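Novice: sequence first, predicted model second:
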Amino acid sequence: MGPKLSQPQTAELFRPRLDEQINMQHPLVRLAALINWAEIERTFAVSFTSGRGRPALPPRLVAGLLYLQHTFDASDEAVVNTWVENPYWQFFCGETYLQTELPIDSSSLTRWRKRVGEEGVETLLAASIDAARRGGVIHKASTQQVIVDTTVMPKAIAHPTDSRLLDRSRQHLVKAAEDNGLRLRQNYNRVAPRLAAQIGRYAHAKQFKRMRKAVRTLRTRVGRVHREVQRQLHVLPEAAQAKVQDLLQRTGRILTRRRTRTSCTPCTRPRWSASAKAKPGHPASSV
């Protein structure tokens, strides 16, 4: 069931209001007055299609906790526990009186993030930009162009060990065979990953003789898949043949290469290069 519409709380005789106890010039108090909470509530309410069940949590409470979590780099548990201890956080999330109990369970934030999805995140971003514009922090012209610096983003490229290259080559060959309707007698989807994991354990334990034996076994399994796909290459159309042939050539280089100082281009990722600043006394290197 969707959340209920937010209503102003009635005054209580023996409880002082938060706005009578806190500093109204605090940055969170001023930010709360700039954010368009009504638009956030309207967008979040669209995610609930059923009219039955328990009403959902107030959207302003969830949106405020998500803002605070991102601003102070806190976990779900930390942001909920700190909310109880900080009256400014409670006022930012729409509370009128001081609360002494946890507002929600920390797992509810995870479910809300999944429910609102990308559209909800875009609404939060748009609301924060609009609040910054109304507060005079940024100008309208500042949002017309966005510059993103990704020079320090790490590359998700693993070290090209023999076992990893062989298993990834086998996976690409099996997928190419399935996509083009080729029937393989054996694809080694269960045996090959186990062998690759075992090779890593042998290497970690410095049992190199067993490791080399396992690598030879894995190389034999991949070679069988390679030869079987190569035998059925002629039944594919010309467009598919070129793609599979390139994959077969890469796999063939991995199968026939030996442990040398020369590098082998893996078939799992495209070519890339990155230059590194040289240390004193050493020439610049490239990867």
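Specialist: That came in fine, so what should we check first?
Novice: quick one: low-confidence parts of the stretch 1-150 of the chain?
Specialist: 1-11, 49-51, 149-150 (pLDDT under 70).
Novice: show me what the lengthiest helix in the chain is packed up against.
Specialist: Looking across the chain with DSSP state H, the single longest helix is helix 107-134. For helix 107-134, the packing partners by 3 or more Cβ pairs under 8 Å, 6 or more residues apart in numbering; DSSP states H and E come out as helix 27-34, helix 37-45, helix 59-72, helix 76-85. (C-beta placed from N, C-alpha, C; glycine too.)
Novice: what separates that helix from the chain centre, distance-wise?
Specialist: 17 Å (Cα atoms, centre = their mean, to the nearest Å).
Novice: and if you look at stretch 218-231?
Specialist: 35 Å.
Novice: ranges for the helices of the protein?
Specialist: Using DSSP H, helices in the chain cover 27-34, 37-45, 59-72, 76-85, 87-92, 107-134, 162-179, 191-204, 208-231, 238-256.
Novice: save those as CSV, and put in distance to Leu98 and mean neighbour count too.
Specialist: Shown next, in CSV, are the helices of the chain (distance: least, Cβ to Cβ, whole Å; neighbours: other Cβ atoms under 10 Å):
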stretch, distance to Leu98, mean neighbour count
helix 27-34, 15, 15
helix 37-45, 20, 17
helix 59-72, 15, 20
helix 76-85, 10, 16
helix 87-92, 6, 21
helix 107-134, 21, 15
helix 162-179, 56, 19
helix 191-204, 55, 16
helix 208-231, 63, 16
helix 238-256, 65, 15
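Novice: export these to JSON lines and tack on distance to Leu18?
Specialist: Listed next are the helices of the chain as JSON lines, based on distance: least, Cβ to Cβ, whole Å:
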{"stretch": "helix 27-34", "distance to Leu18": "9"}
{"stretch": "helix 37-45", "distance to Leu18": "16"}
{"stretch": "helix 59-72", "distance to Leu18": "13"}
{"stretch": "helix 76-85", "distance to Leu18": "13"}
{"stretch": "helix 87-92", "distance to Leu18": "5"}
{"stretch": "helix 107-134", "distance to Leu18": "20"}
{"stretch": "helix 162-179", "distance to Leu18": "57"}
{"stretch": "helix 191-204", "distance to Leu18": "56"}
{"stretch": "helix 208-231", "distance to Leu18": "65"}
{"stretch": "helix 238-256", "distance to Leu18": "64"}
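Novice: Arg15: which of those helices is closest?
Specialist: helix 87-92 (12.9 Å; Cβ to Cβ).
Novice: with only the CA atoms kept, save that closest one in PDB.
Specialist: Output of helix 87-92 as PDB, limited to C-alpha atoms (Å, rounded to 0.1, in the frame of the first residue of the first chain):
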ATOM      1  CA  PRO A  87      17.600  16.400  16.500                       C
ATOM      2  CA  TYR A  88      18.800  18.300  13.400                       C
ATOM      3  CA  TRP A  89      18.600  15.000  11.400                       C
ATOM      4  CA  GLN A  90      15.100  14.500  12.800                       C
ATOM      5  CA  PHE A  91      14.000  18.000  11.800                       C
ATOM      6  CA  PHE A  92      15.500  17.500   8.300                       C
END
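Novice: contacting residues around it?
Specialist: Contacts to helix 87-92, defined as Cβ atoms under 8 Å, 6 or more residues apart in numbering, come from residues 18-19, 21-22, 26, 28-29, 31-32, 64, 67-68, 82-83, 98-99.
Novice: and Ala239, how close does it get to Gln245?
Specialist: 11 Å (Cβ to Cβ, to the nearest Å).
Novice: now do the longest helix of the chain and helix 76-85, the angle between them.
Specialist: Here helix 107-134 runs at an angle of 70 degrees relative to helix 76-85 (axes from the mean of the first three to the mean of the last three Cα atoms, to 10 degrees).
Novice: could you give the angle of helix 107-134 to helix 37-45?
Specialist: 140 degrees.
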